[in-house]
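1. everything below, folded, please.
(one chain, ligands or ions: 2)
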Amino acid sequence: MELFTGEVRLALLLFLCGLLWSLESVVPLYRYRNNKLRHALPNLALTVILLLTNFALSFSSAYVVEITERNGIGLLTLFDLSFWARAVIGIAALDLFAYFAHVLLHKSWLGWQFHRVHHSENAVDVTTAFRQHPGETVWRILWQLAAIVIFGIPLWVVAIYLILSGLNAQLEHANIRMNLRLDRLLRLLVVTPNMHKVHHSRDQQETDSNYSNIFSLWDRVFGTYTPATDFRRLSYGLDGFDAEAGHTIRGLLKMPFIT
Ligand SMILES: [Zn+2]
Ligand SMILES: [Zn+2]
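-> Numbers count the residues shown, from 1 in each chain. Ligands and ions are numbered 1, 2, ... in the order given. Down below sits the predicted model:
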């Protein structure tokens, strides 16, 4: 379990963030005219809040897992599964629930008030990955807890899932020009940078697609998959949310409460 401690997770995230941040200068998808560091600061502040919120609530996951394990609750406990089968099914279940959590953030009035913080970004890059209001973080954790209880997912599977989810979130937001063939190959399994960028489009039809978190499968299964877009015309952000004052840390934290 040592491998999956919070410190290791944080170290992996910082390493990938540094790597992608450098790559964004070498092979950018878009050449933004903003000051990269200045643009990153509010996003990084929200990232710190997200890490703290996750840390504060990580005890709830451990507690819920303990209760479910002690009482033999969950669909996975009904079968005599191997180590790998439990890991794969557990990870898939958590990812399916992350898909539902994300769709509801778009389809409910209250969810969208909070999720607008993520979508108001008009210069998507690696720092956008965790540009998330703490209210949305709590919502996502509740869905994780629901998956843990329904499926009886062990804590080590939850830990692996959170590492994979965090790393893929950074990759899919990175402002890097992907080789189209490689992107198409990777997205047979996972959400790629090009696939998630479609979800950040200002065009609502594109925004209402590609909700998957790690595995691209869910969008294909539920008919919400948009395979490609024209990056020469795609524009990130939300109409009505471009004013600079709204993109400070204060503005972003207040955004859900603006009607
Ligand atoms: Zn979204
Ligand atoms: Zn995103």
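2. now the residue nearest to the spatial centre of the chain: closest residue in space that isn't a chain neighbour?
-> Centroid-nearest residue in the chain, with C-alpha atoms, centre = their mean: residue 169, separated by 4.8 Å. Closest residue to residue 169 apart from its sequence neighbours, by C-beta to C-beta, 6 or more residues apart in numbering: residue 129 at 4.2 Å. The C-beta positions use only the backbone N, C-alpha and C, and glycine is treated the same way.
3. which residues does the closest residue to residue 234 other than its chain neighbours bridge with?
-> Leaving aside its chain neighbours, residue 234 sits nearest to residue 201 (5.3 Å; criterion: C-beta to C-beta, 6+ apart). Beta-bridge partners recorded for residue 201 (DSSP bridges): residue 236.
4. ok, now residue 28?
-> Note on residue 28: beta-bridge partners by DSSP bridges are residue 176.
5. need the contact list for it.
-> By C-beta atoms under 8 Å, 6 or more residues apart in numbering, the contact set of residue 28 is 175, 176, 177.
6. nearest to residue 113 among those residues?
-> residue 175 (26.7 Å; C-beta to C-beta).
7. in which helix or strand would I find the residue of the chain most remote from its centre?
-> Distance from the C-alpha centroid of the chain peaks at residue 80, with 31.6 Å (C-alpha atoms, centre = their mean). In this assignment (DSSP states H and E), residue 80 forms part of neither any helix nor any strand.
8. so which elements touch the longest helix anywhere in the chain?
-> Longest helix of the chain, by residue count under DSSP state H: helix 36-70. Secondary structure elements in contact with helix 36-70, counted by 3 or more C-beta pairs under 8 Å, 6 or more residues apart in numbering; DSSP states H and E, are helix 6-26, helix 134-151, helix 155-173, helix 249-254.
9. could I get those as TSV with distance to residue 32?
-> As requested, these are exported to TSV (distance: least, C-beta to C-beta, whole Å):
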stretch	distance to residue 32
helix 6-26	9
helix 134-151	24
helix 155-173	13
helix 249-254	18
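10. poorly predicted segments of the protein, please.
-> Residues of the chain that meet the criterion pLDDT under 70 lie in 1-5.
11. contact partners for residue 10?
-> By C-beta under 8 Å, 6+ apart, residue 10 lies in contact with residue 51.
12. ok, it to residue 245 distance?
-> Using C-beta to C-beta, to the nearest Å, residue 10 is found at 31 Å from residue 245.
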